[in-house]
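Engineer: need a 3D model of the sequence below.
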Amino acid sequence: MKLLNKAKNIKKYKRILAVLAIVLLTAFIEIIFNFRSIIGGYDWMDVTEHMKLEEEGEYEKYVIDFTTDKALYIKQIRLVGEFASDDAYVMEVQKLNGFGKSEKVSYWDNVSTWFSESYTNLNKKVKSIKITLYKPEKTELHSVAFSNRFEINKYRVLFVVCLLALLYAMIFEKKFVQKVEWYFLCFSLVFGLLVIIYAQPTYNAWDEEVHFQNVYSIASGKHVKWSEATQSIIDKKTPSCNTKAEYAELRAVMNEKGREVLHLETKETGVVSYSFLAYIPMAIMMKIGMLLNFSFSNMYMLGKIGNLLFYVAIMFLAIRLAKKKKLFLVFIAMMPTSIYLAASYSYDAVVFACVTLGSVLWCNEMFYSQKKYQAVNMISSIFLFSVGCLSKAVYIPLILVMLLLPRVQKMKKKYKVIFWIGILTILGLVLMTFVLPVFSNTIAGNVSFGGDSRGGDTSVVRQILSMIQHPWATIKLLVTDILRFDNFRNLGDPSSSNYFVGNLMFLNFGALGVLSHKWVMLLLPVLLLTLIYRDKQDSVISYSSLYRLFIFCVIIITVILIWVALYLSFTPVGAESIAGVQARYYLPLLYLVALLVTNKKVYIQISGESVSKLVLLSANIFWLVSIYSFFLQPRLL
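Structural biologist: Numbering: from 1, shown residues only. The predicted model follows:
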């Protein structure tokens, strides 16, 4: 009886105990990372006296040759000076490994014209170190110092606290497992905000500089003040950093440059173009930052927060309202690439969220409204498909699934014709936003129209003319490239062929990298489980083979349009392969694809709560590895 009472008391105060446990574990982790500093720490040790200026042919170079009788643990190296160019410096180190054996290794890092101080995280126990930096004209190296000081890393602390809190909620708070949409809400906000904080005021995601330029222009209204900071992002000229000290310098410089107006632009109108509607959530938050006179770095983060909040809100509704494939939807919505897009300057997250919620509402009306139809579901679904596809018209064929609704089939012929005309009109209007400018420029003879802004021999008009002249070659190209999955990688790196399409779709951080193919061993089983899992209360969707074929054809048409669009606008004219297609472009199609997968025979003897925990745990693991691999370890530790 006493044990039972103690158990009840522990359960009563479990949240307080959880907070204490999280604090203690976080402190323990910080102690582990600072163990070398605790047992033998020292503040900045100046070794400038070991610096010499040597000549090598026509060049001069700084050489810092430091040797010690007793091995010295160096956590960080600092170079202070005035740097005329972004030059690399080489560190030849004789280090002691974990077994006390001496090894010679070389590392390199670079100085930047933006900063007066350059830092390198070495984290090695060394017997000697030789640093070489070539001296261009006007470069002056003033001092060099080593450090092994105790320092609480706020980025690491924040990550550990957030991760432990999410794991606690998943394991001990049943309501989060039973109502997975609420766990998704917390999870996505936590990791999305971490990405925004860790990404710093620079470009990271796909074409982020282009999307930022559009958002900034919308947020500024009719009169746009282009600062030196905004131009640095747009021109992709911000320096690369690999330590939190350098990122602190970057924020300070960008904040200063954000006050310097390079030029003013007065637009003809402040009205937002239909193709830029997806930028509005980001522009609203950025505008708030402008009105509150935030620094450039904070304003830059605020714009991303607008995108994240919109994505989380729409996907929360989609998961909450989904009556079929809910766990599948949760899993793909929590994947690193999905949230990373939402935490960046990009309209892909808005398109993904709107199309997915539209598909969920269509599914509910299609299969679960036999007794009572909900007109609001149908209207909302049409609206979401339409608005979500204005930025990427290639997805608009998905709206054709609205023609399958039982309510439409039971309409009188007159109203059915009107509905069909309405859907086809929306389809045509959205497609015309892309097609009409192409046709008008073709007729006008503007053969350079539609070229990729990033350069190359690209032109939509010339590409169309080429396709018309070679119809069979065009068909063959589309068929072979769509079925050849290696073109998904589009990373410009031959070694990326090692990646599986699932990694590139779900575990991809753009320029930062992709989780290696070994993670397929966790990704595929969980993805397959969420795809085929159904509990006793889950009814099996039954619809005719003709309906299945129609949905499949709509998806295939959309896929073809994706590839055609990239061939027209991104691929050099007349090329025999299609460039630019990436696996993430398939994200908006996944929920409809999942609905085509029905499981009538296999029943998995696992409770819904256990499956939910497995899905949530897998997402946590992917994010743990991703944050450490792409943000903390190479940047902020």
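Engineer: same question for the longest helix anywhere in the chain, mean pLDDT?
Structural biologist: If you go by DSSP state H, the chain has its longest helix at helix 413-444. Across helix 413-444, the average pLDDT comes to 81.
Engineer: next, the distance between the ends of stretch 575-582.
Structural biologist: 18 Å (C-alpha to C-alpha, to the nearest Å).
Engineer: quick revisit: helix or strand next in line after the longest helix of the chain, which one?
Structural biologist: helix 460-469 (DSSP states H and E).
Engineer: for that following helix, packing partners?
Structural biologist: Helices and strands touching helix 460-469, by 3 or more C-beta pairs under 8 Å, 6 or more residues apart in numbering; DSSP states H and E, are helix 413-444, helix 545-569. Where you see a C-beta, it was placed from the backbone N, CA and C, and this is true even at glycine.
Engineer: which element is encountered next along the chain beyond the last one?
Structural biologist: If you walk from helix 545-569 toward the C-terminus, the next helix or strand you reach (DSSP H and E) is helix 590-596.
Engineer: next, the buried residues of the helix or strand following that following helix.
Structural biologist: The helix or strand immediately downstream of helix 590-596 is helix 608-627, counting by DSSP H and E. Within helix 608-627, the residues scored as buried using 16 or more other C-beta atoms under 10 Å are 608, 611-616, 618-620, 622-623, 625-627.
Engineer: got TSV for the helices and strands packed on helix 460-469, with mean neighbour count and distance to E365 too?
Structural biologist: Shown next, in TSV, are these (neighbours: other C-beta atoms under 10 Å; distance: least, C-beta to C-beta, whole Å):
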stretch	mean neighbour count	distance to E365
helix 413-444	14	13
helix 545-569	17	14
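Engineer: so which of those comes closest to F331?
Structural biologist: Shortest distance between F331 and the helices and strands packed on helix 460-469, using C-beta to C-beta, is found for helix 545-569: 19.6 Å.
Engineer: tilt between the closest one and helix 413-444?
Structural biologist: In terms of direction (axes from the mean of the first three to the mean of the last three C-alpha atoms, to 10 degrees), helix 545-569 departs from helix 413-444 by 20 degrees.
Engineer: what is helix 545-569 packed up against?
Structural biologist: Helices and strands touching helix 545-569, by 3+ C-beta pairs under 8 Å, 6+ apart, are helix 460-469, helix 471-483, helix 590-596.
Engineer: and those: which comes nearest S359?
Structural biologist: Nearest to S359, of the helices and strands packed on helix 545-569 and by C-beta to C-beta, is helix 590-596 at 4.6 Å.
Engineer: next one: the residue nearest to M411 when sequence neighbours are not counted from I382, what distance?
Structural biologist: Distance criterion C-beta to C-beta, 6 or more residues apart in numbering; nearest residue to M411, sequence neighbours excluded, is F419 at 6.6 Å. Distance, F419 to I382, using C-beta to C-beta, to the nearest Å: 10 Å.
Engineer: mind listing what's buried in stretch 291-299?
Structural biologist: Within stretch 291-299, the residues that count as buried by 16+ other C-beta under 10 Å are 294-297, 299.
Engineer: export only the CA atoms of it, formatted as CSV.
Structural biologist: C-alpha atoms of stretch 291-299 as CSV (Å, rounded to 0.1, in the frame of the first residue of the first chain):
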residue,chain,number,x,y,z
LEU,A,291,8.0,48.4,-37.9
LEU,A,292,9.5,47.4,-34.6
ASN,A,293,13.0,48.5,-35.9
PHE,A,294,14.5,45.1,-35.4
SER,A,295,18.1,44.5,-36.3
PHE,A,296,18.7,42.8,-39.7
SER,A,297,19.5,39.4,-38.2
ASN,A,298,16.3,39.4,-36.1
MET,A,299,14.2,40.6,-39.0
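Engineer: before we move on, the earlier item: export the helices and strands packed on helix 460-469 to a markdown table and tack on distance to L637?
Structural biologist: Shown next, in a markdown table, are the helices and strands packed on helix 460-469 (distance: least, C-beta to C-beta, whole Å):
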| stretch | distance to L637 |
| --- | --- |
| helix 413-444 | 45 |
| helix 545-569 | 37 |
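Engineer: nearest to L404, out of the ones you listed?
Structural biologist: The nearest among the helices and strands packed on helix 460-469, by C-beta to C-beta, is helix 545-569 at 5.7 Å.
Engineer: ok, residues contacting the closest one?
Structural biologist: 394-395, 397-398, 400-401, 404, 434, 438, 450-452, 458, 460, 463-464, 467, 477-478, 481-482, 578-581, 585-586, 589, 592-593, 595-596 (C-beta atoms under 8 Å, 6 or more residues apart in numbering).
Engineer: pull out the buried members of those.
Structural biologist: 394-395, 397-398, 400-401, 404, 434, 438, 450-452, 458, 460, 463-464, 467, 477-478, 481-482, 578-581, 585-586, 589, 592-593, 595.
Engineer: on that earlier part again, and the buried residues of helix 608-627, which is closest to E140?
Structural biologist: Set against E140, the nearest of these by C-beta to C-beta is I627 (38.0 Å).
Engineer: who's in contact with the closest one?
Structural biologist: 159, 191, 194-195, 198.
Engineer: gap between the spatially most central residue of the chain and N34?
Structural biologist: Taking C-alpha atoms, centre = their mean, the centroid of the chain lies closest to Y340, which sits 2.3 Å from it. Distance, Y340 to N34, using C-beta to C-beta: 30 Å.
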